[in-house]
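Asker: sequence first, predicted coordinates after that:
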Amino acid sequence: MTEQKTAALKSLLTDPKNIVIIPHKNPDGDAIGACLAIFLYLKKKGHNATITAPNDYPDFLKWMPGTEEVINYESQRESCRNAIDKADIIFTLDFNDLSRIGDLQFALADFKGKYIMIDHHQQPSDYAWLQYSDVMMSSTCEMVWHFLDTLEETHAVDAAIASCLYAGIMTDTGSFRFPSTSSTTHRVVAELIDKGADNAAIHNAVFDSNSPDKLQLLGCALSNLETLPEYHTAIITLNSEELNRHNFKKGDTEGFVNYGLSMKGIRFAVILIESAQEQIIKISLRSKGDFSVNQFARDHFNGGGHINAAGGRSELSLEETKKKFKSLLPLYKDQLS
Ligand code: 5GP
Ligand code: MN
């Protein structure tokens with residue numbers, strides 16, 4: 001964010017604007033936390049703000065302040081289009097390429113206003129008037145704090161906004177343990193607690209709200225776990241029959257891939273999940289150290305993300321996708337050992 005852009009943005013926001021805020025498809029805690037924080041802040045400042053999500057998000061995030069005002073393009077298409085038609089500014093949060101919002105990207109075709117991107121993923125596309133992109137950042141929510149700080153607006157952060165930001169940082173850092181968690185991240189988190197974020201209650205709301213179905217689905221996923229010691233790699237799969245048997249709901253498989261990485265000696269973990277609705281295999285990749293799953297996802301599975309956490313998709317069957325994944329490993333033997 002240059003000084004010039006900061007000044008331009010400040011002046012732009014001096015009178016009420018129509019603003020749309022968009023998270024990536026299948027929004028996670030960081031994406032929704034950042035959107036709600038910006039939304040609550042802008043409303044407080046007298047702007048007309050709307051969050052249009054590409055699709056729904058998991059129930060374990062629906063305690064967040066403002067959550068009832070989020071509209072989604074899958075079920076409220078007209079309302080989303082109306083908000084976008086009127087918008088002067090669109091915030092795109094926690095993603096850096098418009099292909100990451102699925103069909104909602106087509107509703108933006110005629111947008112003539114200014115895009116503001118706040119994001120920490122690799123290789124941003126060049127569409128934003130104001131691009132605040134930093135791949136070293138723990139989370140978009142941490143960046144939203146720095147963004148407000150640059151605007152000299154952190155005084156406007158109340159307990160509700162602080163709670164949204166805290167939840168996003170907590171979920172994207174694996175509860176403050178991933179390498180992207182810096183001393184600055186902890187300083188921001190300390191500020192958020194001072195502003196009223198109840199850290200224990202937020203942890204409880206996000207992580208201790210499991211259903212028996214979800215835990216049994218985890219059991220099923222773990223029983224499907226396969227390790228390939230030669231490549232320090234772990235593979236988990238879930239097919240639609242297994243998902244249906246455990247009444248799968250959005251968000252139920254969140255975090256499962258990390259179990260692969262929790263094993264001694266494992267540096268690369270993948271979960272392959274059959275999506276009957278989208279007719280694809282959804283892929284989540286995690287690594288430890290220098291092995292870039294962002295590059296791996298871009299090169300082979302039409303995806304992307306961060307060095308140690310990325311996602312992608314496959315149009316092959318579950319078995320074929322698994323076969324393809326395994327066949328790629330010898331190419332990376334050196335990097336993985
Ligand atoms: P997850 O595996 O939790 O869905 O995603 C891990 C990271 O990769 C997240 O930061 C997410 O935004 C990103 N990601 C997930 N799926 C995709 C994808 O299909 N394309 C791109 N570019 N990024 C993805
Ligand atoms: Mn994020």
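Answerer: Cool, got the structure. Ligands and ions are numbered 1, 2, ... in the order given.
Asker: ok, Ala37 to Ala128 distance?
Answerer: 19 Å (CB to CB, to the nearest Å). C-betas here are computed from N, CA, C, even on glycine.
Asker: more neighbours: these two, which one.
Answerer: The neighbour count for Ala37 versus Ala128, taken as other CB atoms under 10 Å, is higher for Ala37 (32 against 19).
Asker: could you point out which element follows the helix or strand hosting the more buried one?
Answerer: Using DSSP states H and E, the secondary-structure element containing Ala37 is helix 29-44. Toward the C-terminal end, the helix or strand that comes next after helix 29-44 (DSSP H and E) is strand 48-53.
Asker: ok, then the element right after that following strand?
Answerer: Reading on from strand 48-53 to the C-terminus, the next helix or strand found by DSSP H and E is strand 71-72.
Asker: now that following strand: average pLDDT?
Answerer: Confidence over strand 71-72, taken as the mean pLDDT, stands at 97.
Asker: so what strands line up beside it?
Answerer: strand 48-53 (parallel) (DSSP bridges).
Asker: now what about the partner strand, what contacts it?
Answerer: Taking contacts as CB atoms under 8 Å, 6 or more residues apart in numbering, the residues outside strand 48-53 that touch it are 16-23, 27, 32, 35-36, 38-39, 42-43, 66, 69-73, 79-80, 83-84, 104.
Asker: repeat the analysis, applying 6 Å as the threshold.
Answerer: Counting contacts by CB atoms under 6 Å, 6 or more residues apart in numbering, the residues outside strand 48-53 that touch it are 18-23, 27, 35, 39, 42-43, 70-72, 80, 83.
Asker: ok so, going back, near ligand 1, anything from the helix holding Ala37?
Answerer: No. Using CB under 6 Å from any ligand atom as the criterion, no contacts between helix 29-44 and ligand 1 are found, and the smallest distance is 7.5 Å.
Asker: what about the helices in the stretch 201-337 of the chain?
Answerer: Here the stretch 201-337 of the chain has its helices, by DSSP state H, counting those that start in this stretch, at 212-223, 240-245, 257-261, 293-300, 318-328, 333-336.
Asker: for the stretch 51-200 of the chain, what spans make up the helices?
Answerer: Counting by DSSP H, counting those that start in this stretch, residue ranges of the helices within the stretch 51-200 of the chain are 77-86, 140-150, 159-172, 183-194, 199-207.
Asker: tell me which residues of the third one are tucked away?
Answerer: Neighbour-count burial for helix 159-172, with 16 or more other CB atoms under 10 Å as criterion, is recorded at 160-172.
Asker: cool, stretch 42-54 as well?
Answerer: Of the residues in stretch 42-54, 42, 47, 49-54 count as buried by neighbour count, 16+ other CB under 10 Å.
Asker: near ligand 2, which residues of the stretch 1-150 of the chain are found?
Answerer: By CB under 5 Å from the ion, the part of the stretch 1-150 of the chain that sits against ligand 2 consists of 30, 94, 140.
Asker: what would the helices of the stretch 201-337 of the chain look like in CSV with distance to ligand 2, mean neighbour count and mean pLDDT?
Answerer: What follows is the helices of the stretch 201-337 of the chain, written out as CSV (distance: least, CB to the ion, whole Å; neighbours: other CB atoms under 10 Å; pLDDT from 0 to 100):
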stretch, distance to ligand 2, mean neighbour count, mean pLDDT
helix 212-223, 22, 15, 98
helix 240-245, 25, 14, 97
helix 257-261, 15, 19, 97
helix 293-300, 13, 20, 98
helix 318-328, 24, 15, 98
helix 333-336, 24, 13, 96
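Asker: CSV for these, including distance to Gly196?
Answerer: Converted to CSV, these look like this (distance: least, CB to CB, whole Å):
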stretch, distance to Gly196
helix 212-223, 30
helix 240-245, 38
helix 257-261, 30
helix 293-300, 35
helix 318-328, 45
helix 333-336, 44
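Asker: so which of those gets nearest Glu278?
Answerer: In terms of CB to CB, the element of the helices of the stretch 201-337 of the chain nearest to Glu278 is helix 240-245, at 11.2 Å.
Asker: contacts for that closest one?
Answerer: Counting by CB under 6 Å, 6+ apart, residues outside helix 240-245 touching it are 220, 274, 276.
Asker: tell me which of these is nearest to ligand 1?
Answerer: When the contacts of helix 240-245 are ranked by distance to ligand 1 (CB to the nearest ligand atom), Glu274 comes first, at 14.9 Å.
Asker: can I get stretch 135-152 as PDB, trimmed to CA atoms?
Answerer: The C-alpha trace of stretch 135-152 is given here as PDB (Å, rounded to 0.1, in the frame of the first residue of the first chain):
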ATOM      1  CA  VAL A 135       2.800 -13.700   1.200                       C
ATOM      2  CA  MET A 136       4.700 -13.500   4.500                       C
ATOM      3  CA  MET A 137       1.600 -12.700   6.500                       C
ATOM      4  CA  SER A 138       0.000 -15.300   8.700                       C
ATOM      5  CA  SER A 139      -3.500 -14.500   7.600                       C
ATOM      6  CA  THR A 140      -5.700 -11.900   5.800                       C
ATOM      7  CA  CYS A 141      -7.200 -11.100   9.200                       C
ATOM      8  CA  GLU A 142      -3.800 -10.000  10.400                       C
ATOM      9  CA  MET A 143      -3.500  -7.900   7.300                       C
ATOM     10  CA  VAL A 144      -6.900  -6.300   7.900                       C
ATOM     11  CA  TRP A 145      -5.500  -5.100  11.300                       C
ATOM     12  CA  HIS A 146      -2.400  -3.600   9.500                       C
ATOM     13  CA  PHE A 147      -4.700  -2.100   6.900                       C
ATOM     14  CA  LEU A 148      -6.800  -0.300   9.500                       C
ATOM     15  CA  ASP A 149      -3.600   0.700  11.300                       C
ATOM     16  CA  THR A 150      -2.300   2.300   8.100                       C
ATOM     17  CA  LEU A 151      -5.600   4.200   7.800                       C
ATOM     18  CA  GLU A 152      -5.100   5.200  11.500                       C
END
